[in-house]
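J.: Show me how the following folds:
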Amino acid sequence: MKLIKVGEGTPYPAPHHYNFWSINKLNPDNISKRIHISISHFLPGGGAEMSDSPLERVYFCIEGRITVKGQTEEFQLDPGDMIYIAAGEDRSLQVSNTKPATILVIMTKPE
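T.: Numbers count the residues shown, from 1 in each chain. This is a model prediction of the structure:
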């Protein structure tokens, strides 16, 4: 077991993201072999450009509203909503209003 307290974590720059601040809480380099967990805070107008990743991911909306777009779909995440994104699937993010948004990001490395 490993307890990760509220103040623990390392800020990191996520590729293709803007107007945000992210804290890496758990990653394959420091504790887990496959799981990466972070908390991302987005300012109004913040988000991430359309891109894909070799990692599976789940976005869980903690606060605010985030729009998640794929190639043909678009979803609004409100607090308590989450979305699964398969490895290799394109997606973009955008804060949907004038309030900041916070999401919990869970990613897994392939075996």
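
J.: C-alpha only now, for contacts and for neighbours.
T.: Will do.

J.: which residues of this structure score low on pLDDT?
T.: Under the criterion pLDDT under 70, no range of the chain is flagged.

J.: just the strands in it please.
T.: Secondary structure of the chain (DSSP state E): strands at 10-12, 17-26, 35-51, 56-63, 66-69, 74-77, 82-85, 91-95, 101-108.

J.: Tell me the bridge partners for residue 11.
T.: residue 23 (DSSP bridges).

J.: Next, the contact list for it, please.
T.: Shown in contact with residue 11 (Cα atoms under 8 Å, 6 or more residues apart in numbering): 21-24.

J.: what do you get for residue 99?
T.: Counting by Cα under 8 Å, 6+ apart, residue 99 has contacts 43-44, 64-65.

J.: Next, it: phi, psi?
T.: Main-chain torsions, residue 99, degrees, to the nearest 10: phi -110, psi 150.

J.: just to revisit the earlier point, so can I have JSON lines of the strands of the chain showing distance to residue 4?
T.: Formatted as JSON lines, those follow (distance: least, Cα to Cα, whole Å):
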{"stretch": "strand 10-12", "distance to residue 4": "12"}
{"stretch": "strand 17-26", "distance to residue 4": "7"}
{"stretch": "strand 35-51", "distance to residue 4": "11"}
{"stretch": "strand 56-63", "distance to residue 4": "18"}
{"stretch": "strand 66-69", "distance to residue 4": "26"}
{"stretch": "strand 74-77", "distance to residue 4": "26"}
{"stretch": "strand 82-85", "distance to residue 4": "22"}
{"stretch": "strand 91-95", "distance to residue 4": "27"}
{"stretch": "strand 101-108", "distance to residue 4": "14"}
